[in-house]
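> What would the 3D arrangement of this be:
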Amino acid sequence: MARKAFQAEVGGAAAIEFAIVGGFLCLLVVGIGDLGLGFYSDIQVQNAAQAGAQYATVHSFDSTAISNAVTSATSVPGISAVPAPVQFCGCVDATSKTVTSATCGTTCASDGMNAGTYVTASAQRDYSTLINYPGFAASYHQTASSTVRVK
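Now for the predicted structure:
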């Protein structure tokens, strides 16, 4: 008879331990899933900006059409083409590999070539977390831009 009482006590302790550990594990799984959704959203924002730049490469500069390419590049809702696509002349800096503004038709000092025509397409989205986590923001602003030489 004493043996059955001991088994009941152990079973009750296991249920309490499971409730504590199970709650923590559920919160951990939801947090990891939320983090994954945030990264996925950020990747889709980057893909949308690249789609706008690719559109400009193939079809030349048309601000409205590039903005449409950005917003329709992915099925993730809320992606906007802000700031608007821009066309400019520039030269590539040989050391930093960045494009700096230059006057169209001038010769670039870094490589001796003529300044090229570039297009920058941008995308942005606000991502809201599934749960408000203590110590973390409930919303994140995700941005991306892609610059491509068109001429």
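> For the chain, which segments count as helices?
Taking DSSP state H to define them, one finds helices in the chain at 2-59, 63-71.
> quick one, which of these is nearest to P85?
Closest of the helices of the chain to P85 is helix 63-71, at 4.2 Å (criterion: CB to CB). Heads up, the C-betas are built off the backbone N, CA and C, glycines and all.
> buried stuff in the closest one?
Within helix 63-71, the residues scored as buried using 16 or more other CB atoms under 10 Å are 66-67, 69-71.
> With distance to S146 and pLDDT as extra columns, can I get the residues you listed in CSV?
Below are those laid out as CSV (distance: CB to CB, whole Å; pLDDT from 0 to 100):
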residue, distance to S146, pLDDT
I66, 10, 96
S67, 13, 95
A69, 11, 95
V70, 9, 96
T71, 14, 95
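> which among the residues you listed gets closest to V45?
Nearest to V45 among the buried residues of helix 63-71: V70, at 9.5 Å, using CB to CB.
> distance of the closest one from T100?
V70 sits 24 Å away from T100, going by CB to CB, to the nearest Å.
> where does this structure have low pLDDT?
Scanning the chain with the threshold set as pLDDT under 70 gives 1-11.
> List the contacts of the residue nearest the centre of it.
Centroid-nearest residue in the chain, with CA atoms, centre = their mean: D42, separated by 1.6 Å. By CB atoms under 8 Å, 6 or more residues apart in numbering, the contact set of D42 is 127, 142, 144.
> are any of those residues buried, and which?
For these, a burial check counting by 16+ other CB under 10 Å picks out 127, 142, 144.
> Out of those residues, name the ones that lie in strands.
Judged by DSSP state E, those include 127, 142, 144 as members of strands.
> Using TSV, lay out those residues together with distance to G33.
Shown next, in TSV, are those (distance: CB to CB, whole Å):
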residue	distance to G33
Y127	13
Q142	18
A144	23
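> Go through those and name the one nearest F88.
A144 (18.3 Å).
> Surely that closest one and Q46 touch.
Yes: at 4.3 Å, A144 counts as touching Q46 under the criterion of CB atoms under 8 Å.
> anything in contact with each of those two?
Residues touching both A144 and Q46 (CB under 8 Å, 6+ apart) are A123.
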